[in-house]
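> mind folding the following:
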Amino acid sequence: FTNLQGTMTGEVNIVGEGSNRDFLATVRLRNAGLKVVFTQVPYTIEDTDIELKKDFIDLNGIQLRDRQGNLARITGGIKHQGFQNMDFDLAVQTVPPQMELINTTYKDNQQFYGRAYGSGSFVLLGPQYDMNMFIDVKASSTDSSYITIPPSQTRETGQASFMVEKKYGREMTETEKRGG
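Residues are numbered from 1 along each chain as shown. Presented below is the predicted three-dimensional model:
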């Protein structure tokens, strides 16, 4: 993540000492947002309470919005040991009709790039050093989404001249973007 922003307020109880220290609290998150580096999509986080439990950050109920106001909900949380050794068990589910999922350029990712809206879910599961990501999304067919997979040159394949870029769908109206 990058472009992390926002403020947290609340009373935090610090229990224990040294590496056995825990932070217990319910904090209010306001005016928050972030950008997912891999997809280059910025999201705002709706004002919410986050509970810090013993060795666990509870993120249930957090709601993300894309630049058009489309919504996704988070369930789960992050296990940790003094905010070290993070272990993720998070699921993010879009709320119909769709959400901005990717907004990359060739400079961001030379294997594929583009802008796409869609619906679905993704799950982050496991320790930070060996995390698994499961993605189940369906691209929207009612907007101007596009993904480009440029031809590559290798010794084995040479130029892949059979690749054809196609554009599906149409530009959404302002009413459709707002979900109406």
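> count of neighbours near Asn3?
Using other Cβ atoms under 10 Å as the criterion, Asn3 is surrounded by 11 other residues. To be clear about C-beta, it is placed using only N, CA and C from the backbone, and glycine gets the same treatment.
> in this protein, which residue is most central in space?
Compute the mean C-alpha point of the chain, and by Cα atoms, centre = their mean the closest residue is Val36, 5.5 Å away.
> just the strands from the chain, written as ranges.
2-9, 12-15, 22-36, 41-45, 48-53, 56-58, 63-65, 71-81, 84-94, 99-104, 113-127, 132-139, 146-148 (DSSP state E).
> most tightly packed of those strands?
For the strands of the chain, the stretch with the most neighbours on average is strand 99-104, a mean of 22; neighbours defined as mean count of other Cβ atoms under 10 Å.
> just want the angle from it to strand 132-139.
With axes from the mean of the first three to the mean of the last three Cα atoms, to 10 degrees applied, the angle from strand 99-104 to strand 132-139 works out at 100 degrees.
> and the strands of the chain: which comes nearest Glu174?
strand 113-127 (14.5 Å; Cβ to Cβ).
> that closest one pairs with which strands?
Sheet neighbours of strand 113-127, with direction, are listed as strand 84-94 (antiparallel), strand 99-104 (antiparallel), strand 132-139 (antiparallel), strand 146-148 (antiparallel) (DSSP bridges).
> any chance of those strands in CSV, with distance to Ile14 and mean pLDDT too?
As requested, those are exported to CSV (distance: least, Cβ to Cβ, whole Å; pLDDT from 0 to 100):
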stretch, distance to Ile14, mean pLDDT
strand 84-94, 16, 94
strand 99-104, 37, 92
strand 132-139, 33, 87
strand 146-148, 47, 86
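> next, format these as a markdown table and append distance to Gln111.
Formatted as a markdown table, the strands paired with strand 113-127 follow (distance: least, Cβ to Cβ, whole Å):
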| stretch | distance to Gln111 |
| --- | --- |
| strand 84-94 | 23 |
| strand 99-104 | 10 |
| strand 132-139 | 15 |
| strand 146-148 | 10 |
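> which of the ones you listed sits closest to Gln40?
strand 99-104 (4.8 Å).
> which residues touch that closest one?
Strand 99-104 has contacts (Cβ atoms under 8 Å, 6 or more residues apart in numbering) with 39-41, 66-68, 70-72, 112-119, 137, 139, 147.
> try it again at 7 Å.
The list of residues contacting strand 99-104 from outside it, by Cβ atoms under 7 Å, 6 or more residues apart in numbering, reads 39-41, 66-68, 70, 72, 113-119, 137.
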